[in-house]
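Peer 1: Below is the sequence, then the predicted model.
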Number of protein chains: 2
Amino acid sequence: MANKLLSAGLVLFICIGLGLNGRGQGPMDGSDSAFLRKLADVVLTDGRAYEDLRVLTKKVGARLSGSPGYYKAEQWGLKALTDAGADKVWMQECMVPHWVRGGKDSASWVAANGGKRHGLDVIALGNSEGTGPKGLTAPVLLINNFEELEAHKDAIKGKIVFYNYHFNPKFIETFRSYGDAVRYRVFGPSMAARYGAVAVLVRSMSHSVDNNPHTGALIYNDSFPKIPAVAVGLKDADWLADAIGHAPGAGNPIRVYLRTQGQMLADTPAHNIIGELKGSEPSNQYITVGGHLDSWDPAEGAMDDGTGCVQSIEVLRALKAVGYTPKRTIRAVLFANEENGGRGGEKYADEAKKKGEQHLLALESDAGGFTPRAFSLSLSDAQLAAVQPWIKLLEPYGVYAFNKGGGGSDVEPMEKLGVVVGELRPDSQRYFDYHHTRNDVLEVVNKREMELGAFSMAALIYLVDKYGWPAR
Amino acid sequence: MANKLLSAGLVLFICIGLGLNGRGQGPMDGSDSAFLRKLADVVLTDGRAYEDLRVLTKKVGARLSGSPGYYKAEQWGLKALTDAGADKVWMQECMVPHWVRGGKDSASWVAANGGKRHGLDVIALGNSEGTGPKGLTAPVLLINNFEELEAHKDAIKGKIVFYNYHFNPKFIETFRSYGDAVRYRVFGPSMAARYGAVAVLVRSMSHSVDNNPHTGALIYNDSFPKIPAVAVGLKDADWLADAIGHAPGAGNPIRVYLRTQGQMLADTPAHNIIGELKGSEPSNQYITVGGHLDSWDPAEGAMDDGTGCVQSIEVLRALKAVGYTPKRTIRAVLFANEENGGRGGEKYADEAKKKGEQHLLALESDAGGFTPRAFSLSLSDAQLAAVQPWIKLLEPYGVYAFNKGGGGSDVEPMEKLGVVVGELRPDSQRYFDYHHTRNDVLEVVNKREMELGAFSMAALIYLVDKYGWPAR
């Protein structure tokens, strides 16, 4: 697109947000639109989120629960919240699982009849037990889904099960594809171990065009042996499936060598990092906004969930920068241990319950720093209908829907206490290109996309603080 | 975001598209939703657009008007349209400007009093005349905007004018920032030449965090000398402004050396590449969808506008693949010479007029292969209101608005003939990170984002073909 844009065609960009009709009037007064404009300007022109993220990703880096990086990240969080102008900043201790990779993962497959070795790019799944330093070699069995696993259960003993379940391209929201496919990563190892498998390879959960393997947590069922498990990238998965032949249960001529050194150590203390802007009303009411501070180990945890952390900090900073005094206390929480335990979220809800805090909303950003499109909110249908007019205020900034749904996993324990939870729903197409891979680095984050997310979160929190929720 | 997504929270992703209310009933029948689902499946599971783009970017590459790359791209386009199943494929000749860069651009600035040279990363503006192989050196004058240019017109003679006008971060749509800033690139050189400037540096039109300079066309005013002009990246622009001091008209101690070798040669023939699916009705009615085939020279023209080309080809392929027989003839047009002349678009409209073709819609994709959000359409207010119900069909795929506005620049000549024109409006945040730079390569295109754009275009064309437009 070039210089002709100068001409009449440009006028159209001013028109975003028009074309709505008949959504009824909301509780907003005329000042809200001007306030949100001011808030957006502060985030888009003087925002701190990107610089915060640069420090977190480049100076702290990977920060899996229990790793030295996590404790460095705690210190970063305390400083970032203080610098953002929080009235109070503190640490909330909880015990977290402590899994270590233990060394470089490796794998290769060997064709029958003395065929050549081919390297596979693998990454051990989080929480998995290793093969030990010598590794193991076994025939590999191609399994496309759990139904096939059942059908071939008698052929599994002594084999490496290769789950080649594909990320479904027909879902528009990639998180639906993830929800559909992630069962194979989380439960697949123990389900295969039940029938005597010695290890598991799982096709990575991604639409990406590269070959990076995607790690992520598994959950062992204690009734079965804890067998090693790795993810393979999409190209390797396709090559392996081609080599084996795509029929379920096929694979005997192909043997795979696998070496991983993962180990679960004893639980260790870690902390949620919390900062708050004190509310002006003498109530015991709170609004929580957060992301999770821990990340997987292969990269910098930029999208998962560095962006959620720095956006949450930016919410405090921006509201303060425009001179807004909240009625309720607004808290930014950097949760511990989302990736392989969820202990930080549980701790936060436990403490809130103990202290009898009344939370109006617990909002999370844990779907990447992409352009915002919607919020999911655990409201009733009547409440959702009643807050539709807020969408008119957000649409000029690209947020066009409130969807019924839950929050991110860190605020689920709050939902169980009856708190309204929500999550920022940014554009989802690129998230699983980076998720849990060595590609999750600062360079894949677009500064403005992330800033628009931070602004949207601040805007929603402003509206909830000002108006509360309509009756259920 | 990790395995906890398995739990209740996931349900929410199914709910996108709900929560609408009272937008009234449209002309659609129940089969449209099922048809669009089929169309989306074909694009998202068996799409050819990404592979087409790979060949265009990696086997053809840069393709400025008149360059060998452009003629190679013409052959690529003929083949791609044929492979997509077009009933007829042909070339439409037009004469295009033929600008050549002539060699590597270079620049550096020198502080006063024998200070050290600092390299500047520059790129000559398209259509610009070079300094000649020896280059030129002159004091540089910082000018923040055209008002300052007027105020300092007596100090300009013999100087290099450095336009440091910033891309405005407050506009949410980055194309508004572009429309606001691009005047300095297009008209700035002649406006400075009018007051005796010997060359121009212009701050690149971008929000990016890198230092890549962005080329693009200038338009000389023939009344003034055709002085050399280059773009500088944002970091260099900031460094230069810091070195000079930010006061308008400041800059005398800083001298800049500049060498560019651009040259405008005689016009040369090129072609629009056109393929069509024949309509079933014996009318003379058409729907046009297109992108432009030419690109700037520093990279592969992936986003500008490889994606628009392959999306347009995919529209034909997908409609045919699902067995749709259009009522009107549907044409995919790969326009020549959008970047520095617009001759392809003019030629296409001239021919349409000559032949008395009735075009229902001329739709362009030239804003990048990002996730679609809206369409701009040159409809009346009444028509826009009447087609709002179509949004219900598109919203599950992320398109949530029809905005009043024009089409891309290639279809503007059609608009002058009274044709309804439109443009796909994808998310705009990343476009000006790549636009006209060495970064505009295949690797910055997300396959699915581009596919969703292609699907949305096909969906709109299906609806227009089936129902036509409501009365003005």
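Peer 2: Happy to help now that I have it. Numbers count the residues shown, from 1 in each chain, chains lettered A, B, ... in the order given.

Peer 1: Tell me which helix or strand comes right after the helix or strand of chain A with the lowest mean pLDDT.
Peer 2: Ranked by mean pLDDT, DSSP states H and E, the helix or strand of chain A with the weakest confidence is strand A:106-110, at a mean of 84. The element immediately downstream of strand A:106-110 (helix or strand, assigned by DSSP states H and E) is strand A:117-120.

Peer 1: need the next SSE after that following strand, C-terminal direction.
Peer 2: Remark: after strand A:117-120, the chain's next helix or strand is strand A:122-124, criterion DSSP H and E.

Peer 1: Give me the packing partners of that following strand, helices and strands only.
Peer 2: strand A:229-232 (3 or more CB pairs under 8 Å, 6 or more residues apart in numbering or on different chains; DSSP states H and E). For glycine as for every other residue, the C-beta is placed from the backbone atoms N, C-alpha and C.

Peer 1: The strand it packs on pairs with which strands?
Peer 2: Counting by DSSP bridges, the strands paired with strand A:229-232 are strand A:122-124 (antiparallel), strand A:199-203 (parallel).

Peer 1: Would you reformat those as CSV and include mean pLDDT?
Peer 2: Formatted as CSV, the strands paired with strand A:229-232 follow (pLDDT from 0 to 100):
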stretch, mean pLDDT
strand A:122-124, 98
strand A:199-203, 98
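
Peer 1: In contact with the closest residue in space to residue A:379 that isn't next to it in sequence, which residues?
Peer 2: Setting aside the residues directly before and after it, residue A:379 is nearest to residue A:420 in space (CB to CB, 6 or more residues apart in numbering or on different chains), at 6.3 Å. Neighbouring residues of residue A:420 by CB atoms under 8 Å, 6 or more residues apart in numbering or on different chains: A:359-362, A:377-379, A:469.

Peer 1: same check, this time on residue A:106
Peer 2: Counting by CB under 8 Å, 6+ apart, residue A:106 touches A:119, A:122, A:135, A:258-260.

Peer 1: can you check residue A:185 too?
Peer 2: Counting by CB under 8 Å, 6+ apart, residue A:185 touches A:125, A:202, A:205, A:216-218, A:229, A:231, B:3.

Peer 1: redo that, cut-off 6 Å
Peer 2: A:202, A:216 (CB atoms under 6 Å, 6 or more residues apart in numbering or on different chains).

Peer 1: so which strand or helix has the nearest residue to residue A:198 once chain neighbours are set aside?
Peer 2: Excluding the flanking residues, the one nearest residue A:198 by CB to CB, 6+ apart is residue A:138, at 5.1 Å. Take DSSP H and E as the rule and residue A:138 turns out to sit in strand A:136-143.

Peer 1: Okay, now the sheet partners of that strand, with direction.
Peer 2: For strand A:136-143, the paired strands and their directions (DSSP bridges) read strand A:160-163 (parallel), strand A:255-259 (antiparallel).

Peer 1: Nearest to residue A:224, out of those strands?
Peer 2: strand A:160-163 (12.6 Å; CB to CB).

Peer 1: helix or strand right after that closest one?
Peer 2: From strand A:160-163 onward toward the C-terminus, using DSSP H and E, the following helix or strand is helix A:174-181.

Peer 1: Could you list the buried residues of stretch A:237-245?
Peer 2: A:237-241, A:243-244 (16 or more other CB atoms under 10 Å in any protein chain shown).

Peer 1: Output stretch A:380-390 as CSV, nothing but the C-alphas.
Peer 2: The C-alpha coordinates for stretch A:380-390 follow below in CSV (Å, rounded to 0.1, in the frame of the first residue of the first chain):
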residue,chain,number,x,y,z
SER,A,380,-24.9,-14.3,34.0
ASP,A,381,-26.7,-13.7,30.7
ALA,A,382,-28.6,-10.8,32.2
GLN,A,383,-25.4,-9.2,33.4
LEU,A,384,-23.7,-9.7,30.1
ALA,A,385,-26.6,-8.1,28.3
ALA,A,386,-26.5,-5.2,30.8
VAL,A,387,-22.8,-4.4,30.3
GLN,A,388,-23.1,-4.5,26.5
PRO,A,389,-23.1,-0.7,26.3
TRP,A,390,-19.5,-0.7,27.6
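
Peer 1: Show me how far it is from its chain's centre.
Peer 2: Its chain's C-alpha centre lies 26 Å from the corresponding centre of stretch A:380-390 when counted by CA atoms, centre = their mean, to the nearest Å.

Peer 1: Over to stretch A:329-336?
Peer 2: The answer for stretch A:329-336 is 16 Å, by CA atoms, centre = their mean.

Peer 1: Up against chain B, what does the stretch 301-450 of chain A have?
Peer 2: Contact residues (CB under 6 Å from any CB of the partner chain) of the stretch 301-450 of chain A with chain B: A:304, A:338-339, A:342, A:366, A:371, A:376, A:384, A:397, A:400-406, A:409, A:427, A:429-430, A:446-449.
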